[in-house]
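> Here's my sequence, what's the structure:
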Amino acid sequence: MVDIADRIKKYRMAKGLSQKEIALGIGIDQAQYSRIESGKVEPTLSSLDKIADALGIKLADLLNDNNSLDINSYDKTILDKIKLMDELDEQEKKSIFNIIDIAISRKRLKQNLKEALNEAE
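Below you'll find the predicted structure:
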């Protein structure tokens, strides 16, 4: 049998999130979320779906009875990664945006050079 409360807590801790962060993400107070995570309150399917979303995982991950917790950032969609970026401090965000800007500039430069070469032929 799957211990939902335990799985929620393990995912939250593995991702380095606080109970308050998850509670805010799903629109409930931290005390209510704590009762869910401690197993004192049985969450509704709707609440579980919101919790999974706040954790950046699929609802099936919470319900699946395997022991591995897949929190690999590489597997996330771009939107999930953007949500996670919001948790970074300003300097970290600035560094990531600089890397993105450099990659986009290089891509555009290559594209413009390729188009110029094609036009010259």
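> Find the residue at the geometric middle of this structure.
The centroid of the chain falls nearest to residue 56 when counting by Cα atoms, centre = their mean (3.7 Å).
> from what I can see that one touches residue 15, true?
Yes. Applying Cβ atoms under 8 Å, one finds residue 56 in contact with residue 15, separated by 7.0 Å. No exception for glycine: its C-beta is placed from N, CA and C like everyone else's.
> next SSE after the lowest-mean-pLDDT helix or strand in the chain?
The least trusted helix or strand in the chain, going by mean pLDDT, DSSP states H and E, turns out to be helix 78-85, with a mean of 70. Going down the chain from helix 78-85, the next helix or strand is helix 90-120, by DSSP states H and E.
> Can you pull out the low-pLDDT segments for this structure?
Scanning the chain for pLDDT under 70 picks out the ranges 1-2, 65-80.
> let's go with 50 and repeat that
For the chain, the stretches flagged by pLDDT under 50 are 1, 67, 73-74.
> how would you label residue 16: helix, strand or coil?
Secondary structure state of residue 16, per DSSP: H, G, I helix; E, B strand; the rest coil, is coil.
> Could you report the distance from it to residue 107?
Applying Cβ to Cβ, to the nearest Å, the value for residue 16 to residue 107 is 32 Å.
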